[in-house]
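Student: Predicted model and sequence below, questions to follow.
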Amino acid sequence: MVSSTNEQLGIMLTRDALRLATEQQMDLVEVAPTAKPPVCRIMDFGKFKYEQQKRDKEAKKKQRIVTVKEVKLRPNIEDHDYNVKLKNAQRFLADGDKVKATIMFRGRELSHPELGKQILVRMAAELKEIANVEREPKLEGKNMIMILAAKIHN
């Protein structure tokens, strides 16, 4: 049994603990039910719940949800178009998101998957300062996919 001022009151009967709590106009809250004997505390339970909600809300504000942004490319992409896609990927990584780089093959382009792999390897090399390759380029059906994650700077 622990009092509202965090002092140990020792082992006592439940009815005595309840009486003590009602005398102080507080609640008797079971803190560690699995302990032998169970540990209880005298506290204002409503105030405790309110402060816990505030802490949870504050922790949630500081949380960052990482989303996956996609950059779609073709195996025969021109340099200027590639640079636009590269800048988009840099912006996504700077925002803390992951980037899924996808090379889409159509028709006979699928007979030369090495062209798509070259583009993805080039992109990974140009972004190596700000990103790590989370998943190496891999052909899945008609698409070749690579996932990049932003490097964490401390």
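Tutor: Yep, it's here.
Student: tell me which element the residue positioned nearest the centre of the chain is part of?
Tutor: Of all residues in the chain, the one closest to the mean position by CA atoms, centre = their mean is residue 65, 5.3 Å from it. Using DSSP states H and E, residue 65 sits in no helix or strand.
Student: before we move on, could you check phi and psi at it?
Tutor: Main-chain torsions, residue 65, degrees, to the nearest 10: phi -90, psi 120.
Student: Going forward, the N-terminal residue is numbered 126.
Tutor: Understood, numbering begins at 126; the last thing we discussed is residue 190.
Student: separation between it and residue 221?
Tutor: Applying CB to CB, to the nearest Å, the value for residue 190 to residue 221 is 9 Å. (Glycine included, C-beta is placed from N, CA and C.)
Student: just residue 137 next, same as before
Tutor: Distance from residue 137 to residue 221, by CB to CB: 53 Å.
Student: Equivalent analysis for residue 163, please.
Tutor: Distance from residue 163 to residue 221, by CB to CB: 44 Å.
Student: what's the residue nearest to the centre of the chain in contact with, if anything?
Tutor: Contacts for residue 190 (CB atoms under 8 Å, 6 or more residues apart in numbering) come out as none.
Student: Let me see the domain layout of this structure.
Tutor: Split into domains by automatic domain parsing, the chain comes to 139-185, 193-275.
Student: which one of the ones you listed is the most hemmed in?
Tutor: Among the domains of the chain, ranked by average contacts under mean count of other CB atoms under 10 Å, first place goes to domain 193-275 (a mean of 16).
Student: What average pLDDT does that domain get?
Tutor: For domain 193-275, mean pLDDT rounds to 93.
Student: Check the offset of it from the chain's centre.
Tutor: 23 Å (CA atoms, centre = their mean, to the nearest Å).
Student: Equivalent analysis for stretch 180-189, please.
Tutor: Centroid displacement of stretch 180-189 relative to its chain, using CA atoms, centre = their mean, is 12 Å.
Student: Show me what it is in contact with.
Tutor: With CB under 8 Å, 6+ apart as the contact definition, stretch 180-189 has outside contacts at residue 221.
Student: Tell me which stretches of this protein form strands.
Tutor: Here the chain has its strands, by DSSP state E, at 152-157, 164-168, 193-198, 223-229, 256-265, 268-275.
Student: tell me the angle of the top helix by length along the chain relative to strand 152-157?
Tutor: Determined from DSSP state H, the single longest helix within the chain is helix 170-187. Helix 170-187 runs at 50 degrees relative to strand 152-157, counting by axes from the mean of the first three to the mean of the last three CA atoms, to 10 degrees.
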